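Asks: Got a sequence here, can you model it:
(chains A and B)
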Amino acid sequence: MTSAAPAAVPPQLNGPSRPAPGPAADEGLARRLRALACTAPLHDLDVRKANLAGEFGVYAMAEVALAAIDLVTLNMDFDTGADHEQIVARLQPRVAAQAPERPAAEHERVARWVLENLINVGSVDRGFRAVYGTFGADGAYVRRDYDFKLIEEVPGPGGTVFLRTTDEAVNVLVGALDTDVTSAQIAAEVKLEVLISRGRLADAQLAAEQARYRTVQYAETLRKTLDATRRNVRAVDWLQAVPDMIAEALDHVADRYRHENAILTNIRKARDEAEAAVDPKTAEHKRRAAELVDIVKDCIRRHTQLQSRLLEAGPLFRAEQDRQAFATPAAHAGLDLYGQLLAPVLPLPLERAGRVTDAFFARGTGLRVPASVRVGDLVEMLLTPPVEREHLGAEMPEPDLVETPDDSRFSEEQLASALELLDLPADAPRRLSGLLAEARRRDPELPYLVALLAVHAASPSVGTAYRQGEQSLLFAVDDGTPLDDPEFGGADLIVGKALLDAAGMAADRAEAS
Amino acid sequence: MTEYDANDVAQPETPEPPVASGAAQVTPADAADAARLIAFGLQPKLQPARDAEYADLLRRHRDDPAFARLADAVAAGLGLVVLEVSTRAGMAVTAAEDSVFAVRMGDYARRATVDSGDRFLHGLAHLAVAAMAFPRPEDLADDGYIGRVTVNGIDAFVRQACRRLEERAAEQGENTDPTSDAPGLEAAWRVYARRSATGATKDARRLAGSTTGIIAKAVAFLVDSGFLQRTGDDAGGAFRTTARYQLQVRDMAGTAAMAELLELGVVPVGDGTPTLLPPDDTDDLELVADAGLPFHA
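Replies: As a prediction, this is how the structure comes out:
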C-alpha cells in the first residue's frame, strides 16, 4: 500500500513489459481516479465539520490537514517518524490564527480531530477506501476498491508510535501526481536555481520546499530496500539491482550535495546583498532568503544521512551473508515454512488462503485445558467486590542513604585560593617558582595544587574555550629555565593569562554552523 | 539402576522387571501413573527438569514398553496426539482434531468468526511466527535449533513479502484493487498490507486490530502453550522457541497446512532447496544455487 512508487512510472516507458491488451486510456483514467481519491479525505473534513458538536464553521479543515501532512513529512527521519503530540502542538498556531477569539482548548481539539481523521482512527484498517470502475480486458465493467492511507502509524523504538506520511500523501501534497522521484527532484532544483538568479525568492522558497519533500521521499524508498536486506539477504538481488541502486544513489547524493552547496552560496550572497538595503521590500527578501538557507541546509543534512546509510549497506550485506549462507548444511532438509507455505499463500485469493491458515492455526496452537466452573465458586467470585487498586501504586520504601566520605585531596577553599593566586593580569605573566613560594606562605598544601594547575595550563584546552566562548585562558610556557624549589623539580614555567576575542569567536561559530 | 527405582515406587507388589510382559497385568496404580504422566503433559509450561516426579514418569515411559503403551492409550482416549516423550520436550501431547482440548478460532478471537479478513490475519500471524522462528528448512529439521523472533520483526517480514508481491503486480501492470462485491477474491497479501501496523490508543496499549497487535496476541498465546519463552521487550517483545514448538510445527501444523495447500492445487517447489524466496521467483532461485557469494567485488 505504501509503495506506490513503482506504479508511478509513466505507462509509455514500460510498454513492452505489459502483457494485457486492455484499453490504455482506461489505465490512465484509473490512475487519475486513484489520485483524485487521495484528496477526498481532505474535502470530507470540511463537509463533516458541521457534524461536530459546536460551531466549527470558521475553521478551514482542509488547510489544517494539508499543514499537518506538511509537518509530518518534514519531521520524518530515517529511523523514526514524527511524534503525534509534537504535530498537534505545531498545528495549533495555524488553527489559532483561523479563529483567534476561540479558547486554546478548542484549537487543540480541532488539531487533534484533523490529525485523527487523516489517520482515520475510526476504521479497523486505519485507512481510506474509494470505489472506482474500470473496463476489464473482456470489456466488462468492474467496480474496484482502492485502499490507501495518508498518514500511517509505525512502531518506534521502545513501543512508541510514530507518524509517517505515505507516498500517496506526499504525491497529493506536492501536487505532482504520477511522476518519477529522481527526475522530479532534478527538475525542482533546476527551477530553484533559475528562480534565484532572477531574484524571485518567493517562488524559490516554494521550489526549495518541493525539493525537500522529494528528498525525503527518495530517502524513504532507499530505507525500505536496506531494511529488506537486513531481514533476508536472498530476498534482495545483490548481484545486480542493489549494487546498481547504491551506486546510483551515491552518485545522486554527490550530485545533489554539490548542487545544494552551490545554491546555498548563491542564496547567502542574495541574503547578504539584501542586508545592505533598508526598505521593507528588501527586508522581506532578506527574511525569505534566510528561510531558504534553513531549508537547503536541511536538505544537505538529509543527503548526508542518506549517504552514511548507503556506505553501511555493503558491510551489512557481507555480515548477513556470513551468518545466513556459510553455515554447514544439515544432513536432511525439513519443510521450508516460508518458501513452501507462507510465500505461496500470500498471492492466493483470501477465501483460499484462509483455508491454509486455518489448517495451520488448528494444528499449530497446541492445546488448551478447558476450564470447568462450579456454580458455588461462580456465585462467590461474582459477589466478591473488586480489589481496590492503589491509584499511586505501592508505597516506595524510604531509601537508606549512606554518606560517602569526602576523600578529595584539596578542599574547596584551597581550590579557590589557588585559582585566586593564578588569576593573573593579562599583561603580567609570572614564574612558577614565585607562585609556589607565595602559595607556600598561604598554606603548606597549596603548592601541590598550584603546580598541578600550572602543568595543566601547559597544554591549554583552546578548542573547548573557543566553543564555550570563554573570555580568557590560562597558559604555561617552558622557556628552558630549571625550577629551583625544595619540593618540585623540572622547568620553571612562565604562567600567564591570554585574553580571547569572545565576540569574534561567536560570530565565527554562527557562520560555521 | 534408576529404572528399578521407578518401578519399585509405582509397583511395590511386582518387583520383577516387566520387560518381556506382552500381556502383563495392568493394575489401577499403573493406570493412575499413566494418567498422571498425561496430566503433566497437559501443563506445557512445566519443565521435566524442574519436577522429580515428572522426570521419573518420563523415564518409566522410556524404559517400560507396557507402561508406554498404557500412557499412549490414555492419551488417545482423551483425544490427544503424542508428539514425543523425552526429557527435553517432556510428555509432548497436542490436541487431536475435534478434541475437547483443541483451540477454536472463535474462542481465540471473537471478531474472527464474523470477518474472514480477521480470521485470515490471525491464522497468518501464527504461520508467520513459525516461518520466522524456523527461517530455513534446516532449522526446522535440526533438533538443537532455537529460533528467536520479535513481534516487530515478524510484522516487518510479512510486510516486506507483501510489498514484493505488490511491486511484482505493478510491474506486470496488473490492477490488484479487488472487485467491490467479492471480498473473498481479494489477494491475501492485500488484506495484510492495508491493515495498519500499529496505532495509538487511549490507554497506551497495543491496538488489538493492528498487525503488530494480532502478532502479539499470537506470540502471547504460544507462550501460554509452552511453545515460546519471552526473552526481552525489545522490538515489541522478543521470544525464543522451545522443543515442543518445533515438534508441533514440524509434525502437525506444517504438514496439515501443506496438505491443505496441495488440495487447493498449489504445488510449491518440493526439491528441498534451501530458499527463503517465493518459489515462483525462478531467476533468484538460480542465483542462490550457483553463487556462493553473489556479490562482485
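
Asks: Dump stretch A:141-153 to PDB, restricted to CA.
Replies: Provided in PDB are the C-alpha atoms of stretch A:141-153 (Å, rounded to 0.1, in the frame of the first residue of the first chain):
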ATOM      1  CA  TYR A 141     -17.300  -3.100 -16.400                       C
ATOM      2  CA  VAL A 142     -16.000  -3.900 -12.800                       C
ATOM      3  CA  ARG A 143     -16.100  -1.800  -9.700                       C
ATOM      4  CA  ARG A 144     -12.900  -1.900  -7.700                       C
ATOM      5  CA  ASP A 145     -11.900  -0.900  -4.200                       C
ATOM      6  CA  TYR A 146      -8.900   1.400  -3.900                       C
ATOM      7  CA  ASP A 147      -7.400   1.300  -0.300                       C
ATOM      8  CA  PHE A 148      -5.000   4.000   0.700                       C
ATOM      9  CA  LYS A 149      -3.600   5.800   3.700                       C
ATOM     10  CA  LEU A 150      -2.500   9.400   4.100                       C
ATOM     11  CA  ILE A 151      -0.800   9.300   7.500                       C
ATOM     12  CA  GLU A 152       0.200   5.900   8.800                       C
ATOM     13  CA  GLU A 153       1.300   4.900  12.300                       C
END
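
Asks: in that stretch, what counts as buried?
Replies: For stretch A:141-153, the neighbour count (16 or more other C-beta atoms under 10 Å in any protein chain shown) marks A:V142, A:R144, A:D145, A:Y146, A:D147, A:F148, A:K149, A:L150, A:I151, A:E152, A:E153 as buried. Yep, even glycine has a C-beta here, placed from its N, CA and C like the rest.

Asks: Which strands or helices does the helix or strand hosting the third one pack on?
Replies: Secondary structure from DSSP states H and E places A:D145 in strand A:141-148. If contacts are counted by 3 or more C-beta pairs under 8 Å, 6 or more residues apart in numbering or on different chains; DSSP states H and E, strand A:141-148 sits against helix A:24-48, strand A:128-135.

Asks: ok, and what's touching that strand?
Replies: With contact meaning C-beta atoms under 8 Å, 6 or more residues apart in numbering or on different chains, strand A:141-148 is reached by A:1, A:30, A:33-34, A:37-38, A:125, A:127-136, A:166, A:168, B:175, B:177-181, B:186, B:190, B:194.

Asks: ok, now how distant is B:A182 from A:D145?
Replies: Using C-beta to C-beta, to the nearest Å, B:A182 is found at 10 Å from A:D145.

Asks: Okay, domains of the chain per the record?
Replies: Because you didn't say which chain, this covers chain A. A:1-178, A:180-322, A:412-512 (automatic domain parsing).

Asks: wrong one, I was asking about chain B
Replies: According to automatic domain parsing, the ranges for chain B are B:2-95, B:105-266.

Asks: one step back: as CSV, the helices and strands packed on strand A:141-148 with mean pLDDT and mean neighbour count would be great.
Replies: Putting those into CSV (pLDDT from 0 to 100; neighbours: other C-beta atoms under 10 Å in any protein chain shown) gives the following:
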stretch, mean pLDDT, mean neighbour count
helix A:24-48, 77, 16
strand A:128-135, 82, 16
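
Asks: so which of those gets nearest chain B?
Replies: strand A:128-135 (5.5 Å; C-beta to the nearest C-beta).

Asks: Could you list the low-pLDDT ranges of the stretch 151-300 of chain A?
Replies: Within the stretch 151-300 of chain A, the ranges that satisfy pLDDT under 70 run A:157-158, A:171-236, A:266-267, A:269-286, A:288.

Asks: Tell me which stretches of the stretch 401-513 of chain A form strands.
Replies: Taking DSSP state E, counting those that start in this stretch to define them, one finds strands in the stretch 401-513 of chain A at A:430-431, A:472-477, A:494-499.

Asks: go on, the stretch 151-297 of chain B?
Replies: Going by DSSP E, counting those that start in this stretch, the stretch 151-297 of chain B shows strands at B:228-232, B:238-241.

Asks: Ranking these by mean neighbour count, which comes first?
Replies: Compared across the strands of the stretch 151-297 of chain B, strand B:238-241 shows the largest average neighbour count, a mean of 20 (mean count of other C-beta atoms under 10 Å in any protein chain shown).

Asks: any idea how far A:K149 lies from B:A193?
Replies: For A:K149, the distance to B:A193 - C-beta to C-beta - is 10 Å.

Asks: what's the answer for A:R352, then?
Replies: Taking C-beta to C-beta, one finds A:R352 at 18 Å from B:A193.

Asks: okay, these two: which has more neighbours?
Replies: B:A193 (24 against 18; other C-beta atoms under 10 Å in any protein chain shown).

Asks: Quick check: that one touching B:C162?
Replies: Yes - the pair B:A193 and B:C162 passes the contact test of C-beta atoms under 8 Å, sitting 4.3 Å apart.

Asks: helix, strand or coil for the nearest residue to A:N261 once chain neighbours are set aside?
Replies: Leaving aside its chain neighbours, A:N261 sits nearest to A:I300 (7.1 Å; criterion: C-beta to C-beta, 6 or more residues apart in numbering or on different chains). At A:I300 the chain is in helix, as set by DSSP: H, G, I helix; E, B strand; the rest coil.

Asks: For A:Y132, which residues count as its bridge partners?
Replies: A:R144 (DSSP bridges).

Asks: so who does it touch?
Replies: By C-beta under 8 Å, 6+ apart, A:Y132 lies in contact with A:A30, A:L33, A:R34, A:A37, A:R143, A:R144, A:Y146, B:D177.

Asks: May I see the residues you listed organised as CSV, with distance to A:Q321 added?
Replies: As requested, the contacts of A:Y132 are exported to CSV (distance: C-beta to C-beta, whole Å):
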residue, distance to A:Q321
A:A30, 41
A:L33, 44
A:R34, 39
A:A37, 43
A:R143, 47
A:R144, 41
A:Y146, 39
B:D177, 38
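
Asks: Considering those, which is situated nearest to A:R112?
Replies: A:A37 (24.5 Å; C-beta to C-beta).

Asks: For the residue in the stretch 251-400 of chain A positioned nearest to chain B, which non-adjacent residue is closest in space?
Replies: Proximity of the stretch 251-400 of chain A to chain B (C-beta to the nearest C-beta) peaks at A:T357, 2.7 Å away. Nearest non-adjacent residue to A:T357, counting by C-beta to C-beta, 6+ apart: B:G123, 2.7 Å away.

Asks: my read: that neighbour touches A:T365, true?
Replies: No - assessed by C-beta under 8 Å, B:G123 is found out of contact with A:T365, at 9.7 Å.

Asks: so where's the stretch 101-250 of chain B shaky on pLDDT?
Replies: Counting by pLDDT under 70, the stretch 101-250 of chain B shows low-confidence ranges at B:202-205.

Asks: Quick check: the residue in it positioned nearest to chain A vs A:V356, distance?
Replies: Of all residues in the stretch 101-250 of chain B, B:G123 sits closest to chain A, at 2.7 Å by C-beta to the nearest C-beta. To A:V356, B:G123 is 8 Å away according to C-beta to C-beta.

Asks: likewise B:G232?
Replies: Distance from B:G232 to A:V356, by C-beta to C-beta: 31 Å.

Asks: what about stretch A:505-513, average pLDDT?
Replies: The average pLDDT within stretch A:505-513 is 66.

Asks: what ranges do the helices span in the stretch 101-250 of chain B?
Replies: Assigned by DSSP state H, counting those that start in this stretch, the helices in the stretch 101-250 of chain B fall at B:105-108, B:116-133, B:137-141, B:151-171, B:188-194, B:211-224, B:243-247.
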